[in-house]
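In: predicted coordinates and the sequence they were generated for:
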Amino acid sequence: MRQVIRPIKGTRDFYPEDMAIHQWLEGAIQQTSRSFGYEAWDGPFLESLELYAAKSGEELVMEQAFCFKDRGGDLITLRPELTPTLARMVAQKQQQLVMPLRWYSFGPFWRYERPQRGRTREFYQWNIDMVDVSGPAADAELIAVCAAFFRNVGLQPEMVKIRVNDRQLMNQQLDALNILPEKHGQVFKLIDRKPKMDAVDWEKFVIDSGFSREQSQGLLGLLHNTELWTESPHLSEVLGILNAMGVSDYIVYDSAVIRGLDYYTGVVFEAVDVSGGRAILGGGHYDNLVSDVGGTPMAGVGFAMGDVMIKIVLGDYGLLPSPAVLNNAVLVCVFDEATISDAFSLGSTLRANGINTVVYPEPAKLVKQFKYADRKNINTVVLRGPDEIANGQLTIKNLGTREQTAYPFAEGISEIKKLLA
C-alpha cells in the first residue's frame, strides 16, 4: 500500500466545514472593518528580506521568517507580517493617497514557529491600520474596532479584555529608574518575557542581563502599578474617548503590555481571553515606519489578529456557528431519467431568484438523496416529480420536521425564500 502523503508541518487543510467557519470569520472581520470606514487592501506574499530587518526585530527576521534565495540570488521571504508592506506601499504613492488612510486586510502569512495548539506556521491574519494621524483619537479608534469585533462575534467583556499601555509612559518611568535610553529596548523585551517566567527567575534574569537589584525592584513596582496611566495625558485621553464610545467595559490598563515588535513607539494593546490568558490580537502606535522605507515620516496605529487562536477561543465559548447555519441552501431531488432536465431547469430558476441550490447529480432513491442533504446540513429539499410537473407545482420538504407541502410553482419559490431568510 502506498504511504499517504501528509501536509507540511504547521500548515492546515481546509475541508468545506472548516472553510465555512473561515469565511464566516472573514465576513465578521469585513463587516467590523467597513463599519468604521476601513478599505480592503493587500500586498504580495513574497517580499525582500531587508524590508523586515530594520523594524520588525532580529528574532522575527533571523528565527521566524521563511527565507530563501530566488534564481537571481536575491534573499526573499514569505511575508511574516504586513505592517512593513503597508509602509512600503504608502511610501510609493505617498502624495497620491487620501489621508488619513484607513486600510484593512485578511490574508495568509508564514512564520517558522514551533507548531502547537493556537500556533501554526501558516496562518491567516486580520491587519487594520490608520495612517497619518498621531493623536489619541486614532489610538482609541483602533482599540474600539477590537471591542466592536468582539461584540459582533458574541465575545462579552467578561470573556475578553483589551490590555492597554503606552511605551512613551514606560520610557519616562525607565528614565526615572536611571536606565539609559539605549537600554530601553532591552528592558521592553525583558518585560515581554515576564508572563512566561516564574517571578524569581524573571528577577534573576533581569539582574543577569546587566541591571541592578534596585532597578529590578523598580521594574516590578512599575508592572504592579494599576494607576500608572494617570501620569500619561495622552493615554488618559485615549481611555476617555473609549469610555465615550461605550467600550470601556472591554478595556483594562496593564503596564506589563509592551508588544515585542521594535517599531511600536506609543500606545500598545493586546486582547486576551480572560479564562485562559491566551493572547488573541495585538497592536499599537508606530512612528517613522514609512520613512524607514524611503517615504516622508508618517505616524500610524494598527493591530493584527491571527485566525487560529480566535477560532479556538470562539469554539471554547460555543460561539462558532454550526455548519447548518452557514449552509443556507436547498437540495433539488431527481426522480428519474425523464425528469433530470426539469430538475436542473428548476435549479437554474431557483438560483436566478437568489436561492443557493444544489441539484442531486443523478437519479437515486429519495431516501438516499435525503440522507445526502442531511449530511450536508441542508434542511430544505425541493421535490418536482411527474405529478408536480403535470400540475405546475413543486413540493417543499423540511427534513427536520419531515413535513412536506405542495405549492403552485411561483408561490413555492416565494416560500423557499422565506424559509432561507
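Out: That came through fine. What you are looking at is a predicted structure, and each value in this text was computed from that prediction instead of being measured.
In: and the strands in the stretch 251-400 of the chain?
Out: Listed in chain order, the strands found in the stretch 251-400 of the chain under DSSP state E, counting those that start in this stretch are 251-253, 264-273, 279-286, 300-306, 329-332, 356-359, 380-383, 393-398.
In: for residue 366, find the nearest of the ones you listed.
Out: strand 380-383 (7.7 Å; C-beta to C-beta). Bear in mind the C-beta positions are built from the backbone N, C-alpha and C, glycine included.
In: what sits up against that closest one?
Out: With contacts defined as C-beta atoms under 8 Å, 6 or more residues apart in numbering, strand 380-383 is touched by 330-333, 335, 346, 350, 366, 369-370, 373, 394-399, 404, 412, 416, 419-420.
In: if we go to 6 Å?
Out: 330, 331, 332, 333, 373, 394, 395, 397, 419 (C-beta atoms under 6 Å, 6 or more residues apart in numbering).
In: so which of these wins on neighbours?
Out: Neighbour counts for the contacts of strand 380-383 (other C-beta atoms under 10 Å) peak at residue 394, which has 26 neighbours.
In: and what about residue 13, helix, strand or coil?
Out: Using DSSP: H, G, I helix; E, B strand; the rest coil, the structure places residue 13 in coil.
In: using PDB, list the CA coordinates for stretch 198-205.
Out: Only the C-alpha atoms of stretch 198-205 are listed here, as PDB (Å, rounded to 0.1, in the frame of the first residue of the first chain):
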ATOM      1  CA  ASP A 198       8.500  32.500  37.300                       C
ATOM      2  CA  ALA A 199       8.700  35.800  39.300                       C
ATOM      3  CA  VAL A 200      12.000  34.700  41.000                       C
ATOM      4  CA  ASP A 201      13.500  33.500  37.700                       C
ATOM      5  CA  TRP A 202      12.500  36.700  36.000                       C
ATOM      6  CA  GLU A 203      14.100  38.900  38.600                       C
ATOM      7  CA  LYS A 204      17.300  36.900  38.300                       C
ATOM      8  CA  PHE A 205      17.100  37.200  34.500                       C
END
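In: mind listing what's buried in it?
Out: Neighbour counts over stretch 198-205 (16 or more other C-beta atoms under 10 Å) mark 202, 203, 205 as buried.
In: can you put these in CSV and add secondary structure and pLDDT?
Out: Putting the buried residues of stretch 198-205 into CSV (DSSP: H, G, I helix; E, B strand; the rest coil; pLDDT from 0 to 100) gives the following:
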residue, secondary structure, pLDDT
202, helix, 87
203, helix, 86
205, helix, 88
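In: you'd agree residue 329 is up against residue 354?
Out: No - Residue 329 lies out of contact with residue 354 (C-beta atoms under 6 Å); the separation is 11.6 Å.
In: out of the two, which sits in the busier spot?
Out: residue 329 (17 against 9).
In: ok, that one - contacts?
Out: Counting by C-beta under 6 Å, 6+ apart, residue 329 touches 356, 358, 378.
In: ok, now with 7 Å
Out: Neighbour list for residue 329: 356, 357, 358, 378 [criterion: C-beta atoms under 7 Å, 6 or more residues apart in numbering].
In: list the buried residues of stretch 98-114.
Out: So, applying 16+ other C-beta under 10 Å, buried residues of stretch 98-114: 101, 102, 103, 104, 105, 106, 109, 110, 111.
In: list the contacts of the first one.
Out: Residues in contact with residue 101 (C-beta under 7 Å, 6+ apart) are 90, 130, 131, 132.
In: same thing but at 8 Å, please
Out: Residue 101 neighbours (C-beta under 8 Å, 6+ apart): 90, 129, 130, 131, 132.
In: looking at this, the second one is in a strand?
Out: Pointing back at residue 129 there. Yes - if the criterion is three-state DSSP, then residue 129 is within a strand.
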